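In: how would this look folded up:
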Amino acid sequence: MSQILATLNTVTADPHWHTLADAVPDVTPEMPKDVDKPVQSLLNWTAGLGLAAAVLGGLLGWAAVAVGHNSERAALAARGKQAILWSLFGAGGIGVTAALVTTFYNMGQ
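Out: Got it, this is the predicted structure:
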């Protein structure tokens, strides 16, 4: 630990350490227009297919619950309930991820 403190002391004691920040040019990050359209369509398709899979999983889960309860198969009903919960978590995760990607993308503009 003392080696880390000694190194930090040496770095901060140097009168020229602040010039390291001046070496970075003034750049505004921007996504190239050639990349913007394919990336946007890839994100849209991924989110759309993921949400479709989550809806299908939820519907199949409800079907498994219905069949499991009517045929007195408790294990099938329990697996259906798990499928419903995982579908909800998946759809929520896709929604949160899409919101985060959109937020950070709009911050860069």
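In: nearest spatial neighbour of the most centrally placed residue in the chain, skipping sequence neighbours?
Out: Centre of the chain computed as the mean C-alpha position; nearest residue by C-alpha atoms, centre = their mean is Thr97, 4.0 Å away. Across the structure, with C-beta to C-beta, 6 or more residues apart in numbering as the measure, the residue nearest Thr97 apart from its sequence neighbours is Ala47 (7.8 Å). The C-beta positions use only the backbone N, C-alpha and C, and glycine is treated the same way.
In: Just the element for that neighbour, please.
Out: Of the helices and strands defined by DSSP states H and E, Ala47 is found in helix 33-70.
In: mean confidence for that helix?
Out: Per-residue confidence for helix 33-70 averages out to 89 on the pLDDT scale.
In: Which strands or helices does the following helix or strand past it pack on?
Out: Towards the C-terminus, the helix or strand next in line after helix 33-70, according to DSSP H and E, is helix 74-107. Packed against helix 74-107, as judged by 3 or more C-beta pairs under 8 Å, 6 or more residues apart in numbering; DSSP states H and E, are the following elements: helix 33-70.
In: and the angle for the helix it packs on with helix 74-107?
Out: Angle of helix 33-70 versus helix 74-107, following axes from the mean of the first three to the mean of the last three C-alpha atoms, to 10 degrees, is 160 degrees.
In: distance between helix 33-70 and the chain's centre?
Out: Computed by C-alpha atoms, centre = their mean, to the nearest Å, the separation of helix 33-70 from the middle of its chain amounts to 15 Å.
In: List the buried residues in it.
Out: With burial defined by 16 or more other C-beta atoms under 10 Å, the residues of helix 33-70 counted as buried are 50-51, 54, 57-58, 61, 64-65, 68.
In: which helices and strands sit right next to it?
Out: Using 3+ C-beta pairs under 8 Å, 6+ apart as the contact definition, the elements that helix 33-70 packs against are helix 74-107.
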